[in-house]
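Visitor: Below is the sequence, then the predicted model.
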Amino acid sequence: MSLNWKEINLILEELALEGAQIQSAVQSAFDVIILRLHKKGETKQLLISLSPGACRLHETFRAVPKSDKPLRFAQFLSSKIVNGWITEVAQLGDNRIVQLTVKRTITTDDDMISSQTAIYKLYIRLWSNAANFIVTDDNGVVLDAMRRLPKRGEVTGGSYTPENIESKPVKLKPDSEHTIRSNDIRTRETRTYEIRTFPGEGSFNKKIDEFYAAQGGTLSLEALREQARRTCEGSIGRISAALERLREKEASFADSNRLKNYGDIILSNIASIKPDDKWLETQYCGENIRIELEPRVSPSAQAQKYYEQYRKAKNGLADIQREIESGERELKEVTDRLERLLCETNPLILAKLLRSGGGTRTTGASSAKKEKARPGLTFKRGDWFIIVGRDANENDELLRRHVKGNDLWLHARDYHGSYVFIKQRAGKSVPLDILLDAGNLAIFYSKGRNNGEGDLFYTHVKYLRRAKNGPKGLVIPTQEKNLHVKVEEERLRSLENCKVTQ
């Protein structure tokens, strides 16, 4: 729902912006700007939204989140109008175009102190399908626009003249409240508008702020909460389906000890098995056992076959159980995130959380910055990060963009497998325990994992050389050292709890 021109006039009348100083410009989204204004000891937040269905201008009484990264238009406003003074405020006729005139004194300090005054015109066009925020100099030359529209000339260096200021009535309809107006740009129908009654208490600005928070189109709480439900419930359904499949596999692998027992029974009855036997029937622990055999295969080879199936099932079961634990944690995180999003009452903060993919509010300059998303798996043990590339593409991407020369590289010797990296810490040598963690991961994520142990080599990334004309990710190490590692199940389980969600 859009505001009509009389409602915009009332908003501007209540705000009384003439004489206010612009203290900051915050762009919480690509189409939302908040100007913090100070006048006579009072601070106000002027919200300017160009969002479709929620295009508006009014004072907001809610906390305003900053964007995760500096946005272009906010940076432009900070360089031009921040610390400037609003000298004039007007709505241009009934066109829903608000003009702010800002005067700013620019001081330069060369050999002597001098100053000059700059005049800027801010045009805020509150049209639902063509909203924009345009800044010009005193001569009408466009300095920048929130939405750059070359066809309209609303780009840097263009010339902007507010639409329909010079419009004049050309025809009257008898017995009607409508007037047809036309100019060089367009023909439009103008109606008689009245200031509507909105629920709530306090000033008109206060009521409008409350109304848009509840029903303001794409920026309303209900619309944002519905978006949160769709996003999170889709993830919850996907994770739940994956967990169900994993639990089915877990059930099929749970009886892996039976395969080992089959191998033991075959070896203990090796003398009674004939070359053409298809079944071995015997007693085991007081029960009749019937084991399938392959004709013309020696009993020892039959036993080894069941032992191999046992090892695969055991390793597979451990992997599946780790994946189930990881999936359950992820499911809880998404469920908790949805609950936090639905509890947020500030639509501006909720919109930011949905854009950033976050579900928690963090404030203050000390909040830790998220690391740039990278491929592969990341584990954090104390203050150390270990990164695992799971295939050639991830190995190559990590080498190109996510590791540095002093980071440590590990790889299983004589087997295809993952590249494992230990991120270097300034002034610190890699502890043996962290090296063993990385070594276990290097063996576990290689073709030699079923051996339970193996050799690997390690060196600094700066001593790796790409193989000429070799496949993606292939490197030749120099100054490498050898390390023999036995895979420790307990260590791998503890590392699973240290996995960092990207």
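Guide: All right, it came through fine.
Visitor: give me the number of residues near the closest residue to residue 81 other than its chain neighbours?
Guide: With sequence-adjacent residues excluded and distances taken as CB to CB, 6 or more residues apart in numbering, residue 81 is closest to residue 102, at 4.9 Å. (C-beta placed from N, C-alpha, C; glycine too.) Neighbour count of residue 102, defined by other CB atoms under 10 Å: 23.
Visitor: Which SSE is immediately downstream of the helix or strand containing residue 102?
Guide: Element membership for residue 102, per DSSP states H and E: strand 97-109. Once the chain leaves strand 97-109, the next helix or strand it forms, by DSSP H and E, is strand 113-125.
Visitor: now that following strand and strand 97-109, what's the angle there?
Guide: 160 degrees (axes from the mean of the first three to the mean of the last three CA atoms, to 10 degrees).
Visitor: Please identify the buried residues of strand 113-125?
Guide: Buried residues in strand 113-125, counted by 16 or more other CB atoms under 10 Å: 120-125.
Visitor: Likewise for stretch 475-486?
Guide: 475, 477, 480, 483, 485.
Visitor: Just the ones of the residues you listed in strands?
Guide: Judged by DSSP state E, the subset of those located in strands is 475, 477, 483, 485.
Visitor: Adding pLDDT, write those residues out as TSV.
Guide: Formatted as TSV, these follow (pLDDT from 0 to 100):
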residue	pLDDT
475	89
477	90
483	92
485	92
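Visitor: from the residues you listed, which is closest to residue 247?
Guide: Among these, residue 485 lies closest to residue 247 (CB to CB), at 31.2 Å.
Visitor: isn't that closest one right up against residue 437?
Guide: No - between residue 485 and residue 437 there is no contact under CB atoms under 8 Å: 10.0 Å.
Visitor: What's the end-to-end length of stretch 123-139?
Guide: With CA to CA, to the nearest Å as the measure, stretch 123-139 spans 13 Å from end to end.
Visitor: quick one: it to chain centroid distance?
Guide: 31 Å (CA atoms, centre = their mean, to the nearest Å).
Visitor: ranges for the helices of the chain?
Guide: Applying DSSP state H to the chain gives helices spanning 5-15, 72-80, 204-215, 221-253, 256-268, 299-343, 347-356, 392-401, 432-444, 489-496.
Visitor: returning to that earlier point: what's the strand holding residue 102 packed up against?
Guide: Packed against strand 97-109 by the contact rule (3 or more CB pairs under 8 Å, 6 or more residues apart in numbering; DSSP states H and E) you find strand 85-91, strand 113-125.
Visitor: Can you give the strand pairings for the last one, parallel or anti for each?
Guide: What it means is strand 113-125. Sheet pairing for strand 113-125, assigned by DSSP bridges, gives strand 97-109 (antiparallel), strand 132-137 (antiparallel).
Visitor: okay, those strands, which one's buried deepest?
Guide: strand 132-137 (a mean of 21; mean count of other CB atoms under 10 Å).
Visitor: Give me the angle between it and helix 72-80.
Guide: Orientation of strand 132-137 against helix 72-80 (the same axes, to 10 degrees) gives an angle of 30 degrees.
Visitor: Excluding its own residues, what touches strand 132-137? List them.
Guide: 33, 48, 50, 73, 76-77, 80-81, 118-125, 142-147, 149, 154, 160 (CB atoms under 8 Å, 6 or more residues apart in numbering).
Visitor: quick one: residue 408 from residue 351, how far?
Guide: The gap separating residue 408 from residue 351 is 42 Å, by CB to CB, to the nearest Å.
Visitor: quick one: which of these two has more around it?
Guide: Counting neighbours by other CB under 10 Å for residue 408 and for residue 351 shows that residue 351 has the greater number, 23 against 19.
Visitor: Tell me how far the more buried one lies from residue 340.
Guide: The value you get for residue 351 to residue 340, if CB to CB is used, is 14 Å.
Visitor: what about the stretch 101-250 of the chain, any weak spots by pLDDT?
Guide: For the stretch 101-250 of the chain, applying pLDDT under 70 flags the ranges 108-114, 163-191, 215-223.
Visitor: Excluding chain neighbours, what is closest to residue 83?
Guide: Nearest one to residue 83, counting by CB to CB, 6+ apart, is residue 104 at 6.4 Å.
Visitor: Between the two ends of stretch 343-352, how far is it?
Guide: 14 Å.
Visitor: for it, the distance to its chain's centre please.
Guide: That offset, for stretch 343-352, works out to 16 Å (CA atoms, centre = their mean).
Visitor: any idea of the mean pLDDT for it?
Guide: Per-residue pLDDT over stretch 343-352 has a mean of 72.
Visitor: on that earlier part again, take the buried residues of stretch 475-486 and write them to CSV, including distance to residue 304.
Guide: Shown next, in CSV, are those (distance: CB to CB, whole Å):
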residue, distance to residue 304
475, 36
477, 36
480, 35
483, 30
485, 26
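Visitor: Quickly name whichever of those is closest to residue 295.
Guide: Closest to residue 295, out of all of these and judged by CB to CB, is residue 485, at 41.4 Å.
Visitor: Report the beta-bridge partners for the closest one.
Guide: Beta-bridge pairing for residue 485 (DSSP bridges): residue 454.
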